[in-house]
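>>> Would you be able to build a 3D model of this:
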Amino acid sequence: MAKTRYTIVIANRGTGVVRRLTIGLRVAGLSVLVLFSLPVLIGLGARWSALADIKSLQTRSGSLEVENTSYRAATESLTSQLQSLQATVDDLGARSQLDPDAAKAMEKLPGTLKMRAVGGGGAGPVIPSALFAPSLSSPEDTFGVLRDLLKGLERHLSLVKKDVEHREALAAATPSIWPTQGWLTAGYGMRSDPFTGRPDFHPGLDISTDKGHPVYATAEGTVASTSWAGPYGNLIILDHGFGIATRYGHLSRFAVQPGRRVARGELIGYIGSTGRATGPHLHYEVTVNGRLINPLQLLFTKPRA
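Okay, the predicted model is just below:
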């Protein structure tokens, strides 16, 4: 049986040329199938491409979500560090404002003693050069440099804090208030001895007032001793640290015991005339590293009423 064949005639109306194309049934069927399948295949291809794009977008979205979470955590950490630094700066700013009278008295101390209150904070924090580098192309690089900068600031503030603490301690240890209320009857230096009339060096201040009048600690410190000390009579010695000590002589009685920690302005004893004294008064001395200094140069606060 002869195979069925089909002839396709193509004619050019302009020239009259006619071309014939003979094809078999199978080829014709395949051609029709291809013509009808092509749109379907194109549609499937478009669908697969869209699915791939969607999957890629989902992957990218998940990656961005992880990065966003990481950046949020890094930002929160940096914010916490900044808040901590701000709190430290505020605290140091408040603590660096010393009592004006104590600060003035501290400036009158020997230079070697004042140097002990300086912790050597040095220059300011070093800003990482990477902060200005053009290579900071990613947020991770920027966060890393900012963390290094904040750590540098923390280290510098730690040194500043030590300086402030040392200054606070020295200011608290500096005898800056009058030990009692009265009138100054003898100053520091050469004078005529009240018993012999001959020239004599007076190692402190004499403040005259009524017997039993209160005597106060002129700075924060520890009671080193409360005892009879010959010409000084009943004598209290306070150790203020930094090599600073104060002495309170001719007392009628003590109000503290050895070893007790006292604050500036705290009651420690009462005016008397014990020892080598012509009448009720307080003999007051200040020593730094065992050497006498003029107490008057440190007294900026008026006596307590």
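
>>> Could you name the helices and strands sitting against the strand or helix carrying residue 268?
Assigned by DSSP states H and E, residue 268 belongs to strand 267-271. Contact here means 3 or more C-beta pairs under 8 Å, 6 or more residues apart in numbering; DSSP states H and E; on that basis strand 267-271 packs against strand 214-216, strand 234-241, strand 244-254. Every residue, glycine included, has its C-beta placed from N, CA and C.

>>> Partner strands of the first one and their direction?
I take that to be strand 214-216. Strand pairing for strand 214-216, using DSSP bridges, gives strand 267-271 (antiparallel).

>>> what do you get for the last one?
Partners of strand 244-254 in the sheet, by DSSP bridges, are strand 234-241 (antiparallel), strand 267-271 (antiparallel), strand 281-288 (antiparallel).

>>> Read off the pLDDT value for residue 7.
Per-residue pLDDT puts residue 7 at 68.

>>> Reformat the strands paired with strand 244-254 as CSV; add mean neighbour count.
As requested, those are arranged in CSV below (neighbours: other C-beta atoms under 10 Å):
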stretch, mean neighbour count
strand 234-241, 21
strand 267-271, 21
strand 281-288, 23
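
>>> Distance to residue 219 and mean pLDDT added to the ones you listed, as TSV?
Below are the strands paired with strand 244-254 laid out as TSV (distance: least, C-beta to C-beta, whole Å; pLDDT from 0 to 100):
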stretch	distance to residue 219	mean pLDDT
strand 234-241	5	97
strand 267-271	11	97
strand 281-288	9	96
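
>>> Who is residue 249 paired with across the strands?
Applying DSSP bridges, one finds that residue 249 bridges with residue 283.

>>> Surely it touches residue 237?
No. The pair residue 249 and residue 237 does not pass the contact test of C-beta atoms under 8 Å, sitting 9.6 Å apart.

>>> what about residue 185, which helix or strand?
Applying DSSP H and E, one finds residue 185 within strand 183-186.

>>> Against which helices or strands is that strand packed?
Strand 183-186 makes packing contacts with strand 205-208 when contacts are defined by 3+ C-beta pairs under 8 Å, 6+ apart.

>>> Report the mean per-residue pLDDT for the strand it packs on.
Averaging pLDDT along strand 205-208 yields 96.

>>> residues in contact with it?
Strand 205-208 is touched from outside by 178-180, 182-188, 279-285, 295-296, 303, with contacts defined as C-beta atoms under 8 Å, 6 or more residues apart in numbering.

>>> Can you say which of these are buried?
Buried members of the contacts of strand 205-208, scored by 16 or more other C-beta atoms under 10 Å, are 178-180, 182, 186, 188, 280-285, 295-296, 303.

>>> Just send the strands paired with strand 244-254 back as TSV, with distance to residue 216 too.
Shown next, in TSV, are these (distance: least, C-beta to C-beta, whole Å):
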stretch	distance to residue 216
strand 234-241	11
strand 267-271	6
strand 281-288	10
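
>>> can you tell which of these is closest to residue 14?
Closest to residue 14 of the strands paired with strand 244-254 is strand 234-241 (C-beta to C-beta; 119.6 Å).

>>> What lies in contact with that closest one?
Strand 234-241 is contacted from outside by 169, 173-175, 215, 217, 219-229, 245-254, 256, 262, 268-269, 272, 274-275, using C-beta under 8 Å, 6+ apart.

>>> And the strands in the chain?
5-11, 18-24, 183-186, 189-192, 199-202, 205-208, 214-216, 221-228, 234-241, 244-254, 261-262, 267-271, 281-288, 291-293 (DSSP state E).

>>> so which of those strands gets nearest residue 155?
Nearest to residue 155, of all those, is strand 234-241, at 27.2 Å by C-beta to C-beta.

>>> Would you mind getting the angle between that closest one and strand 221-228?
For strand 234-241 against strand 221-228, the angle by axes from the mean of the first three to the mean of the last three C-alpha atoms, to 10 degrees is 160 degrees.

>>> Of all the helices and strands packed on strand 267-271, which one is nearest residue 158?
With C-beta to C-beta as the measure, strand 234-241 is the member of the helices and strands packed on strand 267-271 nearest residue 158 (22.4 Å).

>>> Please export the C-alpha coordinates of that closest one as PDB.
Provided in PDB are the C-alpha atoms of strand 234-241 (Å, rounded to 0.1, in the frame of the first residue of the first chain):
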ATOM      1  CA  ASN A 234      46.700  65.500 125.400                       C
ATOM      2  CA  LEU A 235      47.500  65.000 121.700                       C
ATOM      3  CA  ILE A 236      45.600  63.500 118.800                       C
ATOM      4  CA  ILE A 237      47.500  62.600 115.600                       C
ATOM      5  CA  LEU A 238      45.600  61.900 112.400                       C
ATOM      6  CA  ASP A 239      47.100  60.000 109.500                       C
ATOM      7  CA  HIS A 240      45.500  61.200 106.200                       C
ATOM      8  CA  GLY A 241      47.500  59.100 103.800                       C
END
